[in-house]
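Peer 1: Sequence plus predicted model, see below.
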Amino acid sequence: MNDQRNIFTNSLYPLNLIRSSRGIPKLVFKEVDAPDIPEPYSTLLVHEGDMTSRLEEYHNDEIKVRKLSSSNDGKAYFREVLLETAGSNKVTEYGAIEITLENVAEELRPLIIEAKKPLGAILNEARIPYSSAPRAFLKVVPDNAIVDVFGSIEADYLFGRSNVISSYSGDTIAQIVEIIPSI
């Protein structure tokens, strides 16, 4: 029981929940302090903004979503995704997101569920004010599932973050885990 509760509370939520539902083993990871994240991962991860903008700037290309899995109960929309460059389909991030649909403008919900654009791009284009607050920075041991989505990995560890996007009224819009491939 305690193990199940950890799926909902640790810094890999919602990624650990989605992986569990797909029968994929838990990731081996540890939380690290921001100063312990090397460049260029630090520039991409250690900030209070959206990842879409950072990835677009770093890769000098628009970022799009490739949905790996999703579920929607009408209240929460979960998806496991790869973010890719629009021009060359280069994978720039692997992650998972839980979006609280009632905390997003109704007219944006179809765009979110369509899963073509990252949430940050949708919110930015709609000029929706929000805050982004990293909950933890992560050092992740790549397992077979991650190697499969990234293609090949030439590193013992990957870096990522656990993040919460909130409205300015404090309502949680999304909980996200974002893992960057070897750069």
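Peer 2: Cool, the structure landed.
Peer 1: For Val91, list each beta-bridge partner.
Peer 2: With DSSP bridges as the criterion, Val91 is bridged to Glu84.
Peer 1: shouldn't it be in contact with Leu68?
Peer 2: No - Val91 lies out of contact with Leu68 (Cβ atoms under 8 Å); the separation is 11.3 Å. Where you see a C-beta, it was placed from the backbone N, CA and C, and this is true even at glycine.
Peer 1: Find residues that contact each of the two.
Peer 2: 82, 149 (Cβ atoms under 8 Å, 6 or more residues apart in numbering).
Peer 1: Sketch out the low-pLDDT regions of this structure for me.
Peer 2: For the chain, the stretches flagged by pLDDT under 70 are 1-9.
Peer 1: Show the backbone phi and psi for Ile113.
Peer 2: Backbone geometry at Ile113, expressed as degrees, to the nearest 10, gives phi -70, psi -30.
Peer 1: tell me the contacts of it?
Peer 2: Ile113 touches 70, 72, 77, counting by Cβ under 8 Å, 6+ apart.
Peer 1: Mind doing that once more with 7 Å?
Peer 2: 72, 77 (Cβ atoms under 7 Å, 6 or more residues apart in numbering).
Peer 1: again with Gly95
Peer 2: Counting by Cβ under 7 Å, 6+ apart, Gly95 has contacts 15, 81, 176-179.
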